[in-house]
Each structure stands twice: as C-alpha cells, then as structure tokens.
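Peer 1: Only the shape, not the letters, is given here:
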C-alpha cells in the first residue's frame, strides 16, 4: 500500500489510535472486544491471526471491519477444496494484444487478506500462503513480487466440521502469531446484535476509516519503542521451555513461539499506554500465542487433553519475575 518510511508514533499516540480503532469496530461487532484487541495488537506486532470457532459468530465481519477502520485494502477469498495456489497468488495470462504473458496478481496483493475457512482448501493451496506470510512476497514462475506494506493475513477455521476439510499442518499454524476463539455472545450481547440489525434496516454494518496505511506503519514503528525487562524475557523463555518438557506434549513451542510471545506482549502493553511490558501482559497472550504450536502425545490426545489447558497449567507452575521496573522514556 505504501513503501515510504513512516515516522514512529509515541506510545500515547499508539494507545489513542488503538482505542479509536476498537471503538469504531465495536459499532459493528458486538461482544468481541478482547479478541479484537488481541487481533489489533497482532497486526501492530507484525503478525497474522487465525480465528478458530464455529460459524456464525461474526469472524468475517470482525476482519472486514478491522480492515476498514485501519484504512487498509481488503480482499476476501472463500477457501474450497478445488482452490488452486494460483487463485491466491495470481498467474501469468496470455495477452493477445502484446502476444506475451502478463502477470495478473491474485487477491493476496492487498493490505489485509482474509482466507475464509482456510481448512477447507488442500495443503498445497494452504502452502501458497507460507511465503507471503513469512517473507511478504510471492514467487511465481521464477519472478518475485513484493506485497503491500503493511500486509497481514486473517484466516478463519471451523474446528467442529471434519468432512471436506484439511487440518492445517504445523508449519502453517506456526506462521500465525495467534489463534483466537470468539465464543458465543452473552444473552445481552446477542440481544444487542439483533437490536442493531433491526435499527439499521440493512444487512451490512457500516464502519468508518479511522487511520490509514501510513499511520498503521507508524504505529508498528512506535510499538518497537516498548521496553522489555530482561527478567520478562527470561520468563518468556521459561514458559516456552516448559512446553518442551511437559509429559503431555510430544512437541513444544519453538523459538518462534517465544519471540511471538514477547512481540505480542509488547504490542498489548503499547495499546494499554505503557512503554514497558508487565508479566501480566505475557500471561494474557500466552494461550493464544502458544496453544496452537503444541503437539499432544497420543496418550494425551486419547484422554482429550486440550493444549489451552496445558498452557494455563504451565502458567500456574512457572514462577514469574519477582518485580519488574517500569521503564520510562
């Protein structure tokens, strides 16, 4: 979207913009404030988001509303079993006027790319996103094409339907900074959803643009100024190390997991108006950052153990820093 460097915003400016973005998205999306804040923090930390929950909870609406409020180009692709990699990345098309092949970019050339029901498409097509998510570029027929900046993937997955689906491989899951569950709304929240739909007399909820792509880049640069105490870094390393030693886990989180733990905790702190990270920030993001990176042992899987529960147990038994000094800038 823009390649020009953006000056970093201050932490108070990042927090103020963040509140305005979340308030605007909240005019269309009801009862998802915590998940939306983590999704926004993930974008500010430079990561990608996987929403995994049952259909009909507003995941697509949340992604579209967030893209609109951020002022980023938005493209949605409904994933199906017959989807091909070229349907995501684009391909070369013969142009009779020039008697040459011309590259036609696919929907991934956007600011926020929504892969709806990503587990409905085959692994070969899922893997077409790997380079885009990791390198912010795609390679097609020997040529490399850079993607827009900023570029982020928001994907949705249905965890309760198995027929005609393809579970995401570990390498694909590991590229998502967080996996978020929305959950059913409360009674009052669901009533508010119905009331708003009747009041606006239209299917589509309108969300206004709050910032633009350049401001998003400036917010991302501002998050880089958030200080992380060495004791907090050690705490993150200890949490991830505990996943590798847990008897219920065959494979624990990798160093990418510990890095994402720090980066997201830093973004959460910035949205809270702080230029330093607290252990509570790490605890808040530990489950969405680590749970999807864990592989259960066959025994744990047979006993219906849940990675989220294992991460919470690790949080309970791994001691945090005794005290963390507030860094002032």
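Peer 2: Arrived safely, thanks for sending. Not measured: the values here are computed from a predicted model. Residues are numbered from 1 along each chain as shown.
Peer 1: Show me the shaky parts of the stretch 201-329 of the chain.
Peer 2: Scanning the stretch 201-329 of the chain with the threshold set as pLDDT under 70 gives 202, 323-329.
Peer 1: Now do residue 43 against residue 104, distance only.
Peer 2: Relative to residue 104, residue 43 is positioned 27 Å away (CB to CB, to the nearest Å). Where C-beta positions appear, they are placed from N, C-alpha and C, glycine not excepted.
Peer 1: In the beta-sheet assignment, what are the partners of the residue nearest the centre of the chain?
Peer 2: The geometric centre of the chain, computed from its C-alpha atoms, lies nearest to residue 49 (CA atoms, centre = their mean), at 1.7 Å. Partner residues in beta bridges with residue 49, using DSSP bridges, are residue 154, residue 178.
Peer 1: State whether it and residue 154 are indeed in contact, as I suppose.
Peer 2: Yes - at 4.9 Å, residue 49 counts as touching residue 154 under the criterion of CB atoms under 8 Å.
Peer 1: Who has more neighbours out of residue 43 and residue 104?
Peer 2: Neighbours of residue 43 and residue 104, each counted by other CB atoms under 10 Å, are more numerous for residue 43; the result is 26 against 12.
Peer 1: where does the more buried one land in three-state SS?
Peer 2: In the three-state summary, residue 43 is assigned as helix, counting by DSSP: H, G, I helix; E, B strand; the rest coil.
Peer 1: thought it was touching residue 63?
Peer 2: No - applying CB under 8 Å as the test, residue 43 and residue 63 come out as separate, 10.8 Å apart.
Peer 1: residues in contact with residue 305?
Peer 2: 248, 296 (CB atoms under 8 Å, 6 or more residues apart in numbering).
Peer 1: would you say it is within a strand?
Peer 2: No - secondary structure assignment (three-state DSSP) places residue 305 in coil, not in a strand.
Peer 1: And it, how far from residue 297?
Peer 2: The value you get for residue 305 to residue 297, if CB to CB is used, is 9 Å.
Peer 1: try residue 55
Peer 2: As for residue 55, its distance to residue 297 is 31 Å (criterion: CB to CB).
Peer 1: Looking at the two, which is more packed in?
Peer 2: Comparing residue 55 with residue 297 by other CB under 10 Å, the one with more neighbours is residue 297, at 15 against 11.
Peer 1: helix/strand/coil for the residue nearest to that one when sequence neighbours are not counted?
Peer 2: Spatial nearest neighbour of residue 297, chain neighbours left out: residue 250 (4.7 Å); criterion: CB to CB, 6 or more residues apart in numbering. The three-state label for residue 250, taken from three-state DSSP, comes out as strand.
Peer 1: sorry, back to before: mind listing the shared neighbours of residue 49 and residue 154?
Peer 2: Common contacts of residue 49 and residue 154, defined by CB under 8 Å, 6+ apart, comprise residue 39.
Peer 1: now the strands: where do they sit in this protein?
Peer 2: Per DSSP state E, the chain has strands spanning 49-52, 74-78, 90-95, 100-105, 112-116, 137-140, 143-146, 152-157, 178-180, 249-251, 295-296. These are given in chain order.
Peer 1: Okay, now the sheet partners of the second one, with direction.
Peer 2: What it means is strand 74-78. For strand 74-78, the pairing partners within the sheet under DSSP bridges are strand 112-116 (parallel).
Peer 1: Show the model's pLDDT score for the residue nearest to the centre of the chain.
Peer 2: Looking at residue 49, its pLDDT stands at 94.
Peer 1: Run through the residues that contact it.
Peer 2: Applying CB under 8 Å, 6+ apart as the definition, the contact partners of residue 49 turn out to be 39, 42, 43, 152, 153, 154, 155, 176, 177, 178, 180.
Peer 1: which of those tops the neighbour count?
Peer 2: Each of the contacts of residue 49 was scored by neighbour count (other CB under 10 Å); the top score is that of residue 177, with 30 neighbours.
Peer 1: on that earlier part again, pretty sure the residue nearest to residue 297 contacts residue 295?
Peer 2: Yes - checked against CB under 8 Å, the pair residue 250 and residue 295 is within contact range at 4.7 Å.
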